[in-house]
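In: Model the structure of this input:
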Amino acid sequence: MIKQLKAILVGLVIGILVGMALGVNIGREKPLLSNPFSKDTLIDKAKRLGSETVEESGRALEKAGQALQDKAK
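Out: Have a look, this model is predicted:
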């Protein structure tokens, strides 16, 4: 009885710790199995922001081009 309770408690603690680590990675939009305690360097943040900006600009240009094609018809 005591061994089962101890095993359940240990499993619960390990599950909570793993779940928290995965939750931190999800919140920071990182790969699930990456280190949740690592700090992003300024260069990494700039690269990510730059790529997001380029993607958004590309989408905006596509929408504008589509709108122009629709008006031309």
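In: tally of neighbours for Leu22?
Out: 13 (other C-beta atoms under 10 Å). All C-beta spots, glycine's among them, are computed from the backbone N, C-alpha and C.
In: For it, grab phi and psi.
Out: Main-chain torsions, Leu22, degrees, to the nearest 10: phi -70, psi -40.
In: Run through the residues that contact it.
Out: Leu32 (C-beta atoms under 8 Å, 6 or more residues apart in numbering).
In: for stretch 33-48, what is the average pLDDT?
Out: For stretch 33-48, mean pLDDT is 82.
In: Identify the residues contacting that stretch?
Out: Taking C-beta under 8 Å, 6+ apart as the rule, stretch 33-48 contacts 21, 24-25, 28, 30.
In: In the protein, where's the longest helix?
Out: helix 42-72 (DSSP state H).
In: which secondary element of this protein has the worst mean pLDDT?
Out: Between all helices and strands in the chain, the lowest mean by mean pLDDT, DSSP states H and E belongs to helix 42-72, at a mean of 88.
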